[in-house]
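> Provided below for reference: sequence and predicted model.
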Number of protein chains: 2
Amino acid sequence: MEQKKHKISMIEKRKEVLASLENLGLKTYEQLDSGYFPSITMPSRSTENIHYDPQLRQYILGDRTVRRSTRNIRHLKPFTQLVWAALFSHELTSQRKTSTLRDVYYSAQAYEMTFTDQEESNNIVTDLETVLGFSREDFSIFPEERSAVFGDLTIEYTVPGYEGRTLNLTSHPDGVLIGPALTSAEFVKTTADKVIAIEKGGLFTRFIEENVHKKFNAILVLTAGQAPRATRHFIRRLNQELNLPVYIFTDGDPWGMHIAMVIISGSANAAHLRELNTPDAKWSGVWATDIVNYKLPTDPLDDVDVKRLYELQKDPRYKDPLWQREIKTFMKIKKKAEQEAFSRYGLTYIVDEYLPEKLEAEK
Amino acid sequence: MEQKKHKISMIEKRKEVLASLENLGLKTYEQLDSGYFPSITMPSRSTENIHYDPQLRQYILGDRTVRRSTRNIRHLKPFTQLVWAALFSHELTSQRKTSTLRDVYYSAQAYEMTFTDQEESNNIVTDLETVLGFSREDFSIFPEERSAVFGDLTIEYTVPGYEGRTLNLTSHPDGVLIGPALTSAEFVKTTADKVIAIEKGGLFTRFIEENVHKKFNAILVLTAGQAPRATRHFIRRLNQELNLPVYIFTDGDPWGMHIAMVIISGSANAAHLRELNTPDAKWSGVWATDIVNYKLPTDPLDDVDVKRLYELQKDPRYKDPLWQREIKTFMKIKKKAEQEAFSRYGLTYIVDEYLPEKLEAEK
């Protein structure tokens, strides 16, 4: 296993997050002490300020900024909410507790801080991400959804009660849940030389049962549909810290393509973040051309599928020839296929034939 | 830990399932050998034949039967499909592979067996459950969805490559996935004296972080919304094999109530099965009366919520006074509350105050 030299440990990262939260409070106090109305300036997340960066291969924010000043009566509430969100995140992170967006909304009431609805509190959490440059999982606000991982990777926990304990991710053959504890764990060692991400739970189990992790030296990641943000961040770490190439297998339809694309290049509404994407990950199938080449059982494209393909065709993330070719092929054949469609050749065909052919082609 | 004396091991159960599948084939051959058109008789699952049994506290099938005879040209196809489903399930179970309903549909094509659509193949799998009296998870057809468990229970795997290996269910602090491997594991030992099932992922994590498993000697089960069948079966095993009482915590609305009820009494469309329900499990909250007593932040009931309450009021599973009282209270206060609403009193209030009060009251 080769690790990047300047890897930041998860514990150091948590210290950075806490320092950056404290710094926000410090600046506010300094402004007050100097006799100024506290204010904060951050990049604007309005549509006009979101651009696709072909170098970074993701959406980024442009030069426009917004300034929120307590001198402006209309800014006073969101400024206070932002400072409260920072306080609450600091409490969570320093006490090693986790929370969800929903919980943040209700917790505010314990501090007599009011949000009109959850949309308002979600928005403030996104503001805080923008100000700090950390994603909310870094300051302990996690999604409800959990996906899973399986393969020869030993991790070392950093959560309370488990510090220093290790777990090998083959220890439970149903897969290991990707939650706050796994996400904050250090990577200790692995013999794997690649990561295979899989959209569907049934197929993830099939891959484990057929020993794909051993036969292909792979760490298997279940995305369970659109990958939760914590899972995208985990895939990025596997790629960046362990230098493992990432191959993504989804259903053969515009929605499957986009599950892969969001892992690779992220989404426009996370343009203020860098740490969720894996630009070098590859969408390995099920391609439209696979549907043709492997003569898969198909369903006809629905109107919403076709509409979606037209949208993706114009999307800057899809400009590379492979994506354009696959979009065109979907439109031409007017069909889609699920990952399970390979079972028409027997349950293990996907592992015995399709997978090695695709991995070989991607080299 | 007390275990029931006549506990059937998971390995013995698998043998029973295989024998019962083989028996289906044997009977078909015997009929052929004796010069009869093969036929099969099973309980009818039509609505008129589904009754609520107050003793068993679940829906059961009545005395009506349906006979499917290969002498009848219209029965020939479903009979053949049923025999194929039995063959396929036997292959899966004897080879220790698992599958999903979706996979069954596609796999049929590998055997030149045709189903018009997945609904047709799903239906045949339910027929097979009815004929055998085993649930499809027993013959290796699992749902896509996975939920999780956490607590001091040591299990011993029976799946290939892991036979004899044990895992303590506190080994991963994000929770341990309930998939085919966990479901087929033996229970070895536990210090827990109760099971607490929780609807939401965020709260499941909160309970782990706050050491609810230690403070309350509990095994924590995440239902992740409506509990997947494998999870319901797992909860039943915890209750029956380990004699552990089960307490269920859901959102305070008709949908949360029904998540609890399906764990307790099952659904009408599983009236042909016995092994998914835990009749002695208790719905412990969030009750409508809790919303009042704890002055929780609420949302108004929507029209669909009210409509659902009227349906539940007439449902035979809801005839007990507690359920009727809670339905009436919901209708009176016209409000609902989520589990996270307790965070308005601080993140740990639900664990420090609410949970012990409710568990005490249920004794």
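Ah, there it is. Remember, predicted model here, so these are calculated numbers, not experimental data.
> Any idea what the residue lying closest to A:A281 once chain neighbours are set aside is bridged to?
Leaving aside its chain neighbours, A:A281 sits nearest to A:V246 (3.8 Å; criterion: C-beta to C-beta, 6 or more residues apart in numbering or on different chains). In short, each C-beta sits where N, CA and C put it, glycine included. Under DSSP bridges, the beta-bridge partners of A:V246 are A:V195.
> For A:V246, give me its contacts.
A:194-197, A:235, A:238-239, A:263, A:278, A:280-282 (C-beta atoms under 8 Å, 6 or more residues apart in numbering or on different chains).
> end-to-end on stretch A:163-183?
Using C-alpha to C-alpha, to the nearest Å, the end-to-end distance of stretch A:163-183 comes to 14 Å.
> now stretch A:346-357
Start-to-end, stretch A:346-357 (C-alpha to C-alpha) is 17 Å.
> Now do that stretch: distance to the chain's middle.
28 Å (C-alpha atoms, centre = their mean, to the nearest Å).
> can you list contacts of it?
Stretch A:346-357 has contacts (C-beta under 8 Å, 6+ apart) with A:196, A:203, A:206-207, A:210, A:212, A:215-216, A:249, A:285, A:290, A:294, A:339, A:342-343, A:345, B:97, B:99, B:103, B:107, B:110.
> Can you list the buried residues in it?
For stretch A:346-357, a neighbour-count test (16 or more other C-beta atoms under 10 Å in any protein chain shown) marks A:347, A:350-351, A:354-355 as buried.
> Likewise for stretch A:162-174?
Quick answer for stretch A:162-174 (16+ other C-beta under 10 Å): A:162, A:167, A:169-174.
> Most widely separated two among these?
Longest distance between any two of those is 21.2 Å, between A:Y162 and A:P173; criterion C-beta to C-beta.
> picking up where we left off before, let's see which of the contacts of A:V246 end up in helices.
Judged by DSSP state H, the contacts of A:V246 include A:235, A:238-239, A:263 as members of helices.
> and the two most separated of these?
Among the ones in helices among the contacts of A:V246, A:L238 and A:I263 lie farthest apart (C-beta to C-beta), at 11.4 Å.
> A:M10: how many residues sit nearby?
For A:M10, the tally of surrounding residues (other C-beta atoms under 10 Å in any protein chain shown) stands at 19.
> So which residues on the stretch 1-150 of chain A come close to chain B?
Counting by C-beta under 8 Å from any C-beta of the partner chain, the stretch 1-150 of chain A comes close to chain B at A:96-100, A:102-103, A:105-107, A:109-110, A:142, A:144-146, A:148.
> Selecting buried members of the residues you listed in PyMOL, what would you type?
Listed next is the PyMOL selection for buried residues among the residues of the stretch 1-150 of chain A next to chain B, using 16+ other C-beta under 10 Å:
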select buried, chain A and resi 96+97+98+99+100+102+103+105+106+107+109+142+144+145+146+148
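> Which of the residues of the stretch 1-150 of chain A next to chain B fall within helices?
A:102-103, A:105-107, A:109-110.
> what residue ranges in the stretch 101-250 of chain A are flagged as low confidence?
Within the stretch 101-250 of chain A, no range satisfies pLDDT under 70.
> 90 - rerun?
Along the stretch 101-250 of chain A, the model assigns pLDDT under 90 to residues A:114, A:143-146.
> Extract the C-alpha trace of stretch A:123-135 and format it as CSV.
Taking Å, rounded to 0.1, in the frame of the first residue of the first chain, the C-alpha atoms of stretch A:123-135 are listed here in CSV:
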residue,chain,number,x,y,z
ASN,A,123,-29.6,26.7,4.0
ILE,A,124,-27.7,28.1,6.9
VAL,A,125,-25.7,24.8,7.2
THR,A,126,-24.8,25.2,3.6
ASP,A,127,-23.7,28.8,4.3
LEU,A,128,-21.5,27.5,7.1
GLU,A,129,-19.9,24.9,4.7
THR,A,130,-19.3,27.8,2.3
VAL,A,131,-17.7,30.0,5.0
LEU,A,132,-15.5,27.2,6.4
GLY,A,133,-14.7,25.3,3.2
PHE,A,134,-15.5,22.1,5.0
SER,A,135,-18.4,19.8,4.3
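> quick one: secondary structure of the most centrally placed residue in chain A?
Compute the mean C-alpha point of chain A, and by C-alpha atoms, centre = their mean the closest residue is A:R232, 2.6 Å away. Assigned by DSSP: H, G, I helix; E, B strand; the rest coil, the conformation of A:R232 is helix.
> What segments of the stretch 251-363 of chain A are strands?
A:282-285, A:299-300, A:335-336 (DSSP state E, counting those that start in this stretch).
> that older thread, hmm, the residue nearest to the centre of chain A is touching A:P279, no?
No - counting by C-beta atoms under 8 Å, A:R232 does not reach A:P279; the two are 12.0 Å apart.
> Mutual contacts of those two, please.
With C-beta under 8 Å, 6+ apart, A:R232 and A:P279 have no common neighbours.
> For the closest residue in space to the residue nearest to the centre of chain A that isn't next to it in sequence, give me the pLDDT.
Once flanking residues are discounted, A:R232 sits nearest to A:L276: 4.6 Å by C-beta to C-beta, 6+ apart. Listed pLDDT for A:L276 reads 92.
> Quick one: residues contacting A:L276.
Taking C-beta under 8 Å, 6+ apart as the test, what A:L276 contacts is A:135, A:229, A:232-233, A:236, A:266, A:270.
> Pick out whichever of those sits closest to B:E48.
A:R229 (49.1 Å).
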